[in-house]
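Participant: sequence and predicted structure below; questions after.
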Amino acid sequence: MGRLGIKLKMSAAIMLALCLIASPASASADVVAVVSAKSSVTSLTLNQLIDIYLGRSARFPDGTAASPCDLAENSPLREEFYTQLIGKSQAQIKAHWSKLIFTGRGQPPREVATEAGAKRLVAEKPNVICYIDRSQVDKSVTVLFPK
Amino acid sequence: MAGPTFKLRGFGTLGVVHSSEKNADFTHGFFEPNGAGFTRNWAMGVDTKLGVQADARLSDKLTAVLQVVSQHQYNNSYEPRVEWANLKYQFTPDFDIRIGRTVTMPFMVSDSRLVGYANLWIRPPREVYGLVPLTNKDGIDANYRFGVGEATNMVHVSYGEASPKLPNFGTVKAKDYISLANTLEYGPIALRASYSLGRVDLHTQGTDELFDGLSQFGNTVSAIPGLASVGMQALNLSNKYRFENALISFFSFGASYDRDQWLLMTELAHFNGYSFLASSTAWYATAGYRIGKFTPYMTVAQLRPEKQSEAGISAASLAGIPPLMAAAAALNDGVNRALIGGAFGQKSLAVGVRWDFMKNTAFKAQYDYMILDSTSSGRLGNVQPNFQPGGKVSAIGIALDFIF
């Protein structure tokens, strides 16, 4: 029993060490996509989130309009949202939107200067989706992804 | 949204190209009168361009776009031209109709073929993209988007006309130009199919002179007793090859995969030509691999024309009248030259790298190795009398793409 206890403790320590090595970013921030708690939408798949943020879909899965918002270009959380969840660098996102903008096929998400501003906008408008740090989540918002 | 809003944005490329073939020019397409190789050692005009776009949101549903592009064009100038100018009414988030000058959509990156920053290459593979060089048309288009499970499907239908100008006083006019395109996107995968058809008038100085010559010859010979059938032959040839109201059609299939490090793209296209513009099939495949800010890439491409020849006027039956016989032989030669000249074929290998070294700016370097078809100048333009078909041509280009 004692030996097992030591083993468990050791493996827990190894796991923790591995987590710290493998994902230093997740230790500093944990970005989540959110909507207003009043929204009828309660979850999204990763593909649905990507479609909304790349301008391929203007609706949530239940058919209601979806209006994505972005943090300011120099925001670390924005960088993290795109690299970790959407799977694209800022340069790739720029190239993607330049494809849509220069044919009038779409406009990039509206920008909000601060995380607090994003949270306020989300709380006010049920069709707005944005991303914030998980530590900022409270009763005013619903986390759509990752759960 | 309160009140109209207005946005001004732009894109551009600053580039130079060098080509090893000295008896023809490496150009961006049929609309560029000269380029690198014969005319100059290093050409700026092939890739350099500047586009400025104004977007106006007039109401929640009505938007307007005006895009003006300056690019080396048919008259050897960089005079700006109106690339798009249209009004869009967004009936629902998934359905819109645009009226005015809009994009032609034969290819996967048709809509951004001028926006270097949006693409991996310096320029789209010319084997495929040269099949339909028109970039815009005046008319109407409709776009409808719907979900298919987790995938998104977009249908595009359009109708319009276009009449861009060619170098050396050539003209092309496309009427009743109908296009259909369907794009299915699922995660990193996109699949696309398109079909277009239209009525086309195509005039170049050389071919117009040839067909006028055939008509004149036909009328002259028809009047000579006993030679009416030979005269008819010439008149029929003139009618057969005159490029007026010709039904042209085109289809293409494309697929792309874009996730994490990999960017893969391929397109296959077939052009149903007419007269001296040969029916052709072309394809390319591109692979890019992202390593931080660098994306090295490689493209292989091929363009294969259906070669044509024409028996022409029976010159032998004019043996008794040497000047007419010589004229008939010259006209036959002219027709066959036109048929060979309009059957473009080449294959190529391109390797390059895109470097996203700075915000909103990318630097690219690309090397193209082209193997020209044994009878044609491939995608080279401004072909000189000393040009020998069947050669191997190297071109190197560097470009700075930016958006603002």
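Facilitator: Received it, and whenever you're ready, just let me know what you need. Residues are numbered from 1 along each chain as shown, chains lettered A, B, ... in the order given.
Participant: can you tell me the element the residue in the stretch 301-404 of chain B that chain A sits nearest to falls in?
Facilitator: Of all residues in the stretch 301-404 of chain B, the one sitting closest to chain A is B:Asp356 (3.8 Å; C-beta to the nearest C-beta). In this view, the C-beta of every residue, glycine as well, is placed from N, C-alpha and C. Here B:Asp356 sits within strand B:346-358, counting by DSSP states H and E.
Participant: and the helix or strand that that strand is followed by with chain A, contact?
Facilitator: Sequence-wise, the next helix or strand downstream of strand B:346-358 (DSSP H and E) is strand B:361-372. Yes: with C-beta under 8 Å from any C-beta of the partner chain as the criterion, chain A is reached by strand B:361-372 at B:Ala362.
Participant: may I have strand B:361-372 exported as CSV, CA atoms only?
Facilitator: The C-alpha trace of strand B:361-372 is given here as CSV (Å, rounded to 0.1, in the frame of the first residue of the first chain):
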residue,chain,number,x,y,z
THR,B,361,3.9,41.7,-45.7
ALA,B,362,5.3,38.6,-47.3
PHE,B,363,8.5,38.0,-49.3
LYS,B,364,8.6,35.3,-51.9
ALA,B,365,11.2,33.8,-54.2
GLN,B,366,10.2,31.4,-56.9
TYR,B,367,12.1,29.4,-59.6
ASP,B,368,10.1,28.1,-62.5
TYR,B,369,11.5,25.4,-64.9
MET,B,370,9.3,25.1,-68.0
ILE,B,371,9.5,22.5,-70.7
LEU,B,372,7.8,23.9,-73.8
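Participant: can you give me the helices in the chain?
Facilitator: Looking at chain A here, since you left the chain open. With helices called from DSSP state H, chain A shows them at A:2-22, A:24-28, A:46-53, A:76-80, A:90-101, A:115-124.
Participant: look at chain B instead
Facilitator: Under DSSP H, chain B gives helices at B:126-129, B:205-222, B:228-241, B:322-341.
Participant: highest mean neighbour count out of the ones you listed?
Facilitator: Highest mean neighbour count of these: helix B:126-129, a mean of 26 (counted as mean count of other C-beta atoms under 10 Å in any protein chain shown).
Participant: can you give the contact residues for that helix?
Facilitator: Helix B:126-129 is contacted by residues B:28-29, B:107, B:113, B:123, B:252, B:267, B:269, B:282-284, B:301-303, B:346-348, B:379 when judged by C-beta atoms under 8 Å, 6 or more residues apart in numbering or on different chains.
Participant: can you flag which of those residues belong to strands?
Facilitator: Among the contacts of helix B:126-129, the residues falling in strands (DSSP state E) are B:Ser252, B:Glu267, B:Ala269, B:Ala282, B:Trp283, B:Tyr284, B:Ala301, B:Gln302, B:Leu303, B:Gln346, B:Lys347, B:Ser348.
Participant: any stretches of chain B with poor pLDDT?
Facilitator: Within chain B, the stretches with pLDDT under 70 are B:1-2.
Participant: report the central residue of it.
Facilitator: Nearest to the mean C-alpha position of chain B, by C-alpha atoms, centre = their mean, lies B:Pro133 at 2.0 Å.
Participant: got the contact list for that one?
Facilitator: Applying C-beta under 8 Å, 6+ apart, the residues near B:Pro133 are B:Gly29, B:Phe30, B:Phe31.
Participant: ok, now which ones touch the closest residue in space to the last one that isn't next to it in sequence?
Facilitator: The spatially closest residue to B:Phe31, leaving aside those adjacent along the chain, is B:Tyr74, at 5.3 Å (C-beta to C-beta, 6 or more residues apart in numbering or on different chains). Residues in contact with B:Tyr74, defined by C-beta under 8 Å, 6+ apart, are B:Phe31, B:Glu32, B:Pro33, B:Pro164, B:Lys165, B:Leu166, B:Pro167, B:Gly170.
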